[in-house]
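# Below is the structure, and that's it, no one-letter string:
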């Protein structure tokens with residue numbers, strides 16, 4: 001009976017171990033993206049991301065990390081850039097988040113103008129149509145020049161009509177729309 005108990009514990013440990021290994025290779029997620037904070041080191045971000053075969057390092061701008069949620073074309077991903085001192089200054093993502101109510105229209109976009117505040121932008125555009133695509137502190141460790149990027153969809157699916165908005169220190173500095181009606 002004691003051997004049976006030991007065998008069952010060992011079998012359970014093997015299942016848990018296999019499940020943990022599978023989860024580590026399952027890919028990157030929105031939850032992992034949200035855990036990554038500005039000022040973290042490359043190693044800290046690598047640890048949170050889970051590393052493994054779904055993450056890559058390098059980049060034309062120096063050290064960076066790019067992690068995919070799954071393999072395939074147009075797979076959701078998170079990307080991270082670091083200063084020369086090895087601290088995170090930029091994080092970006094695509095397809096990790098879905099808009100709650102994708103319904104942005106050309107009339108919403110036309111109510112926006114460069115120089116608007118963030119509050120004015122969300123008064124003109126339905127925020128539930130939008131998701132964050134990234135944020136950065138280009139002057140890190142200074143907290144000036146904070147950049148936020150939003151992607152707003154008109155519908156679900158791959159490449160729907162959409163708008164993009166970029167804010168710097170809470171002011172609209174870039175806007176673009178594609179195929180909105």
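The structure has been received and is ready for your questions. Please read all numbers here as calculations on a predicted model, not as lab measurements. Numbers count the residues shown, from 1 in each chain.

# Any stretches of the chain with poor pLDDT?
1-26, 59-62 (pLDDT under 70).

# what about the helices in it?
For the chain, the helices defined by DSSP state H occupy 2-25, 30-35, 42-49, 106-110, 118-124.

# Nearest the middle, which residue of this protein would you pick?
In the chain, the residue lying closest to the centroid (Cα atoms, centre = their mean) is residue 93, at 3.1 Å.

# Quick check: that residue touching residue 150?
No. Counting by Cβ atoms under 8 Å, residue 93 sits too far from residue 150 to count as a contact (11.7 Å). Where you see a C-beta, it was placed from the backbone N, CA and C, and this is true even at glycine.

# any common contacting residues for these two?
Residues within reach of residue 93 and of residue 150 at once, by Cβ atoms under 8 Å, 6 or more residues apart in numbering, are 132-133.

# So which residues make contact with stretch 150-167?
With Cβ under 8 Å, 6+ apart as the criterion, stretch 150-167 contacts 74, 98-99, 102-105, 108-109, 112, 118, 121, 125-126, 129-133, 147-149, 172-181.

# Give the buried residues for it.
For stretch 150-167, burial by neighbour count (16 or more other Cβ atoms under 10 Å) applies to 150-154, 161-167.

# rewinding a little: bridged to the residue lying closest to the residue nearest to the centre of the chain once chain neighbours are set aside, which residues?
Of all residues not flanking residue 93 in the chain, residue 78 sits nearest, at 4.6 Å (Cβ to Cβ, 6 or more residues apart in numbering). With DSSP bridges applied, residue 78 shows beta-bridge pairing to residue 67, residue 93.

# Give me the distance between residue 78 and residue 97.
Separation of residue 78 from residue 97 (Cβ to Cβ, to the nearest Å): 11 Å.

# can you check residue 151 too?
Distance from residue 151 to residue 97, by Cβ to Cβ: 9 Å.

# what touches both of those two?
residue 131.

# In this structure residue 149 contacts residue 92, no?
Yes. Between residue 149 and residue 92 a contact is recorded at 7.3 Å, counting by Cβ under 8 Å.

# Give me the common contacts of the two.
133-134.

# chain center to stretch 79-94, what's the gap?
12 Å (Cα atoms, centre = their mean, to the nearest Å).
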